[in-house]
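Asks: coords below, sequence missing:
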C-alpha cells in the first residue's frame, strides 16, 4: 500500500512512472522520470497571462502527469491538452490559428505562437 501511495504521488507531480519486474517474481521495483522545470517558468507564464496572452499546453504526457506540471507552472486544468501525438499537436495548433483568424485582442489581431523543447514537437 505504501508503494502505491508513492507511485501515485510521483504521477501527480508530473513524473512518468516505470516498473521493474523479474519473471516469476513480479514487480520488484519502480521508478519515476521527470523533466526539470526551469526556475523562471512559473514567473514567465504569470507575466504572459497578465499581458493578456492565452496559454495552452500541448503535450504527449499522460493526463495526470500533464496536470502535475501545469499545477507547478501556474496553468489551469482547462489550459492543458494531453496524451497528444506530434500530429495531434500540429492539428491543435492549426485549429487555434483557424479560430483566431480575424479576431482581435487588445486592439490587435490575435496570433498563435508555439514553443517546444524540440523533442517530439514535430510530426
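Replies: Noted; the coordinates are in hand. Just so it is clear, the model here is predicted, and its values are computed rather than measured.
Asks: below-threshold pLDDT in the protein: ranges please.
Replies: For the chain, applying pLDDT under 70 flags the ranges 104-108, 117-123.
Asks: what are the boundaries of the helices in this protein?
Replies: Counting by DSSP state H, the segments of the chain that form helices are 2-12, 41-50, 63-73, 86-100.
Asks: the nearest residue to residue 102 once chain neighbours are set aside: how many residues sit nearby?
Replies: Take residue 102 and drop its neighbours on the chain: the residue closest to it by CB to CB, 6 or more residues apart in numbering is residue 109, 7.4 Å away. Bear in mind the C-beta positions are built from the backbone N, C-alpha and C, glycine included. If you count neighbours by other CB atoms under 10 Å, residue 109 ends up with 10.
Asks: okay, and the beta partners of residue 109?
Replies: Residue 109 has the following beta-bridge partners by DSSP bridges: residue 104.
Asks: mind listing what it touches?
Replies: 100, 102-103 (CB atoms under 8 Å, 6 or more residues apart in numbering).
Asks: for the closest residue to residue 45 other than its chain neighbours, give its distance to residue 16.
Replies: If the residues on either side of it in the chain are set aside, residue 45 comes closest to residue 74, at 4.9 Å by CB to CB, 6+ apart. Here the criterion is CB to CB, to the nearest Å. By it, residue 74 lies 21 Å from residue 16.
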